[in-house]
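S.K.: requesting a structural model of the entry that follows:
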Amino acid sequence: MNIVLAASEAFPFCKTGGLADVVGALCQQFAGNKQNKVLLFLPHYSNIVRVSSLKVVPGVYLIPMGDKIEQASLSYVNWGRVLVFFVNNRNYFDRPGLYRTKDGEFGDNDERFIFFNRAVLEGCKFIGFRPDIIHCHDWQTGLIPAYLKTVYKLDAFYTRTRSLFTIHNIAYQGHYSYASFRKAGFHPVDYTPEKFEYYGGMSFLKSGLVFADNINTVSPNYAREVQQDGAMGFGLEGVLRSRSGHFCGIVNGIDTDVWDPELDPILPIGYDASEVTKGKLAAKLALEQQCKLVQDPEKPVFGIVSRLDYQKGLDMVIPLIEKLKDRAQFVVLGMGDPLLEKAYQGLARKYAGSVSYSGRLDEELAHRIYSGSDLFLMPSRFEPCGLSQLIAMKYGTLPIVSQVGGLVDTVRGYNGSNEDTATGFFIDKFTEQGILATAEKALQVFNDRKVWLKLVRNAMRQDLSWDKSAKEYLELYHKTIG
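M.R.: Residues are numbered from 1 along each chain as shown. Next comes the predicted model:
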């Protein structure tokens, strides 16, 4: 099968969040089957990493952009059995950051990703690679399915090509004005509510939902939520219900080559479920030392690795820290909302020795938090799937999570009598008091070392790899092509 994945980011080349981890892992999974030829298309941002051996595809090709023509060129790198192509255009991608600066989103993001979508399709023709399927990820690639069904409908090169569109987070929709629709080169006859029109403008995400041959999102429970609950569907629940026969949920996995506490070179001592105590203790002491917390093996550590955002519910954690600072320690890694950053900076200054905050991207510290913490906080208001709770469980750190989205599909909450199967704790009521009550319950279990160790081992012994999910994606590919 000839597979093209198109995305705005993929680990290890460029990353702002979980989308990059998922795309990178899926590429490697699909390429593991020698019957598949896998290409990944990414924008060539100025801060692309790990591409010292880039090769250039000779020549340039042209992309129509409204009333002007832009040039595109390609460079590529062999990443195992995956060919990664970078779409080059200095005007659109040679700038710091992927989507935004600290002052807000780039004002021409519509043009940047119109260009990228069209450049992927023209790029396949430029290199002579005829895809059986193009797997598009999130709003930044939502125009590709639309182009295939409109502008490229009669193009013989794409006669057999089908599209799959994956929603990683429906809250981000790429909503722009009618002018963006004209720049994209679609015909005005298609500007209807059933197709492109969206509140007087256009939505890149809606375009993917309407025109893709099949759609999926990243957990079965989230697939239900975004169709049934207007608060979760962000205005697109009706579109998704109309396509329910072509919509499903496939839960994410994690890359167990990257996230493996037994072989992780960043940890002081490797450990697995059978020998967890010594390894977790060493990781905890190392984390406390690095974060300048009081070294106390008996005091529970709460970890957070997250984008600081309203979605993640981390505003609700601030009063929790105030109440538990004397009985527990908190290590927070992440950046985002300036007000939340300032709040966590203030807590770290006020309660030095009990609270640590790092406002940066730091993969090594993330590994140390996942391994050195006892509990992992994810009080999300909505969560399509979540990777952090999966990684935390792999490292024997029990998650405290809301009962939303993929958190329901991946965590088994402890109820006092299911210690043989439980892997974490569910927040019963999403209020400050409800989150505190769940944290208090978790601390009680922490002090019952026999039950605690059972839960830790339950969490670590789950199969959290991509194997099962990648198989489901390939089955969906075959169904889509068929």
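S.K.: residue 110 and residue 183 touch, don't they?
M.R.: Yes. Using Cβ atoms under 8 Å, residue 110 is in contact with residue 183, at 7.0 Å. Using the backbone N, CA and C atoms, a C-beta is placed for each residue, glycine as well.
S.K.: my read: residue 321 touches residue 346, true?
M.R.: No. Counting by Cβ under 8 Å, residue 321 does not reach residue 346; the two are 10.6 Å apart.
S.K.: the more surrounded of the two?
M.R.: Of the pair residue 321 and residue 346, residue 321 is the one with more neighbours under other Cβ atoms under 10 Å, namely 22 against 13.
S.K.: in what helix or strand does the more buried one lie?
M.R.: helix 317-324 (DSSP states H and E).
S.K.: gap between the helix or strand that that helix is followed by and the chain center?
M.R.: Downstream of helix 317-324, the next assigned helix or strand under DSSP H and E is strand 329-333. Its chain's C-alpha centre and that of strand 329-333 lie 21 Å apart, by Cα atoms, centre = their mean, to the nearest Å.
S.K.: state the mean pLDDT of the helix or strand following strand 329-333.
M.R.: Note on strand 329-333: by DSSP H and E, the next helix or strand toward the C-terminus is helix 338-350. Helix 338-350 shows a mean pLDDT of 97 in the predicted model.
S.K.: and helix 338-350, how far out from the chain middle?
M.R.: That offset, for helix 338-350, works out to 25 Å (Cα atoms, centre = their mean).
S.K.: now do the helix holding residue 321 against strand 329-333: the angle between them, please.
M.R.: Here helix 317-324 points in a direction 160 degrees away from that of strand 329-333 (axes from the mean of the first three to the mean of the last three Cα atoms, to 10 degrees).
S.K.: what helices or strands is helix 317-324 leaning on?
M.R.: Here helix 317-324 touches helix 338-350, helix 432-446, going by 3 or more Cβ pairs under 8 Å, 6 or more residues apart in numbering; DSSP states H and E.
S.K.: try it again with 10 Å
M.R.: Under the contact criterion of 3 or more Cβ pairs under 10 Å, 6 or more residues apart in numbering; DSSP states H and E, helix 317-324 touches strand 301-305, strand 329-333, helix 338-350, strand 375-378, helix 432-446.
S.K.: mind checking how far residue 447 is from residue 425?
M.R.: 14 Å (Cβ to Cβ, to the nearest Å).
S.K.: again, but for residue 281
M.R.: For residue 281, the distance to residue 425 - Cβ to Cβ - is 22 Å.
S.K.: okay, those two: which has more neighbours?
M.R.: residue 425 (22 against 15).
S.K.: what is the burial count for residue 234?
M.R.: 16.
S.K.: that one reaches residue 170, doesn't it?
M.R.: Yes. When contacts are counted by Cβ atoms under 10 Å, residue 234 is listed as touching residue 170 (5.3 Å).
S.K.: overlap in contacts of those two?
M.R.: Contact criterion Cβ atoms under 10 Å, 6 or more residues apart in numbering; residues shared by residue 234 and residue 170: 205, 226, 382.
S.K.: average pLDDT for stretch 96-109?
M.R.: If you average the pLDDT over stretch 96-109, you get 90.
S.K.: list the buried ones in that stretch?
M.R.: Within stretch 96-109, the residues that count as buried by 16 or more other Cβ atoms under 10 Å are 98, 99, 106, 109.
S.K.: could I get the residues you listed as CSV with distance to residue 352 and secondary structure?
M.R.: Output for the buried residues of stretch 96-109, formatted as CSV (distance: Cβ to Cβ, whole Å; DSSP: H, G, I helix; E, B strand; the rest coil):
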residue, distance to residue 352, secondary structure
98, 34, coil
99, 34, coil
106, 37, coil
109, 40, helix
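S.K.: okay if I get the residues you listed as JSON lines plus distance to residue 254?
M.R.: Shown next, in JSON lines, are these (distance: Cβ to Cβ, whole Å):
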{"residue": "98", "distance to residue 254": "22"}
{"residue": "99", "distance to residue 254": "24"}
{"residue": "106", "distance to residue 254": "30"}
{"residue": "109", "distance to residue 254": "29"}
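S.K.: so where's the stretch 351-482 of the chain uncertain?
M.R.: For the stretch 351-482 of the chain, no stretch is flagged by pLDDT under 70.
S.K.: now the helices for it?
M.R.: Using DSSP state H, counting those that start in this stretch, the helices of the stretch 351-482 of the chain run over residues 363-372, 388-394, 405-410, 432-446, 449-460, 467-481.
S.K.: pick the most buried one from those.
M.R.: The highest average neighbour count among these, using mean count of other Cβ atoms under 10 Å, belongs to helix 388-394 at a mean of 26.
S.K.: would you mind writing the CA trace of that one as CSV?
M.R.: The C-alpha trace of helix 388-394 is given here as CSV (Å, rounded to 0.1, in the frame of the first residue of the first chain):
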residue,chain,number,x,y,z
SER,A,388,0.4,11.8,29.3
GLN,A,389,-1.7,9.4,31.3
LEU,A,390,-0.5,6.5,29.2
ILE,A,391,3.2,7.5,29.7
ALA,A,392,2.6,8.0,33.4
MET,A,393,1.1,4.6,33.8
LYS,A,394,4.0,3.0,31.8
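S.K.: for that helix, which helices and strands make contact with it?
M.R.: Against helix 388-394 (3+ Cβ pairs under 10 Å, 6+ apart) you get strand 301-305, helix 363-372, strand 375-378, strand 398-401, helix 405-410, helix 449-460.
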